[in-house]
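Peer 1: sequence below, structure please.
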Amino acid sequence: MRRPLQVTLLVLCGLGLLHASLFTDLCLRYVKPGMRPLLIVSGLVLLVLGIAEAATREGSKGHGRHGGQAHGGHAHGAGPHTETGQHHGPDAHAGHDHSAVPRVAWLLLLPALSLLFYAPPALGAYTASRQPAKVVAEQDDFDPLPKTSPLPITLTDFTTRVQQDRTLAIKGRTVQMSGLVTPVAGGGSWDLTRIIISCCAADAQSVKVRIYSDSIPPANTWVSVTGNWHPGGKLGTKSAPIALDARTTKKIQRPSNGYQDALPFPSG
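Peer 2: Numbering: from 1, shown residues only. Purely as a prediction, here's the structure:
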């Protein structure tokens, strides 16, 4: 690969990483916030390497020009010449130019350019609809629920209360949860979803609560839902459905902690 292409790739990748992690928060679509400083450092390193490579190349050109002038136009580094004046140095091979860039190498520019000009969307309903719900950890002891009404609760906490809390503390309580809308086959209901990532988008898992309501919001809409547990099976056991009868559904902005199953923080 020729040096100009190497320099271009380094600089574009560096600028793309800095654009996604330093100048915007696009990186939070794909990684946890804790990874952001590492992406910033990586972008700076790539940018510095690209600039250094370009400076070295320019310096080499300048040195070559001055050397040629000092020796009357004769380059001492040239290989031997035959009587016909043809050059037979180690880099000369009849009919072949090994400095040409393979066509496939130009494809390396695509991911670099995408970081700058097209950022893939955050994970959403498409991903969640193709995943089974994340298995929640077993829990034996439960603290009493606050008397607040509606009670803010995470999807994971709601799941454990419905299927594991033998005190039936969730029965009759009005709760409030937030997440994104994931359509389900058949209509008449939909899933309130939180996508959780441990490191990056590649290890994403989903927590879901089935919502029964009069209308179904558009897919990928972030909503806050208030309602009561949807009766079925035996509460406090695995037979109880992880479902909610919605009283109100309100559209909200995607929270800054959108890749966590947590009570929503204000959007940045």
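Peer 1: which residues in the chain form helices?
Peer 2: Chain-ordered helices for the chain, with DSSP state H as the definition, fall at 3-18, 36-70, 109-117, 125-129, 155-164.
Peer 1: in a markdown table, list the ones you listed along with mean neighbour count, distance to Gly186 and mean pLDDT.
Peer 2: No exception for glycine: its C-beta is placed from N, CA and C like everyone else's. Listed next are the helices of the chain as a markdown table, based on neighbours: other CB atoms under 10 Å; distance: least, CB to CB, whole Å; pLDDT from 0 to 100:
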| stretch | mean neighbour count | distance to Gly186 | mean pLDDT |
| --- | --- | --- | --- |
| helix 3-18 | 19 | 42 | 86 |
| helix 36-70 | 14 | 40 | 79 |
| helix 109-117 | 14 | 37 | 81 |
| helix 125-129 | 18 | 13 | 92 |
| helix 155-164 | 21 | 21 | 96 |
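Peer 1: distance to Leu235 added to those, as CSV?
Peer 2: Formatted as CSV, those follow (distance: least, CB to CB, whole Å):
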stretch, distance to Leu235
helix 3-18, 49
helix 36-70, 42
helix 109-117, 48
helix 125-129, 26
helix 155-164, 7
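Peer 1: out of these, which comes closest to Gln176?
Peer 2: Gln176 lies closest to helix 155-164 among these, at 10.2 Å (CB to CB).
Peer 1: so who does the residue nearest to the spatial centre of the chain touch?
Peer 2: The centroid of the chain falls nearest to Tyr30 when counting by CA atoms, centre = their mean (1.0 Å). Residues near Tyr30 by CB atoms under 8 Å, 6 or more residues apart in numbering: Pro120, Ala122, Cys200, Ala201.
Peer 1: by mean pLDDT, which helix or strand of the chain comes out lowest?
Peer 2: Least confident helix or strand, the chain: helix 36-70 with a mean of 79, by mean pLDDT, DSSP states H and E.
Peer 1: if we can go back for a sec, which among the contacts of Tyr30 end up buried?
Peer 2: Ala122, Ala201 (16 or more other CB atoms under 10 Å).
Peer 1: and which of the contacts of Tyr30 is nearest Val225?
Peer 2: Among those, and counting by CB to CB, the member closest to Val225 is Ala122, at 20.1 Å.
Peer 1: for the closest one, give me its contacts.
Peer 2: Arg29, Tyr30, Arg254, Gly258.
Peer 1: can you redo these as TSV with pLDDT and distance to Asn228?
Peer 2: TSV is the format used below for the contacts of Ala122 (pLDDT from 0 to 100; distance: CB to CB, whole Å):
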residue	pLDDT	distance to Asn228
Arg29	85	33
Tyr30	87	36
Arg254	90	26
Gly258	88	25
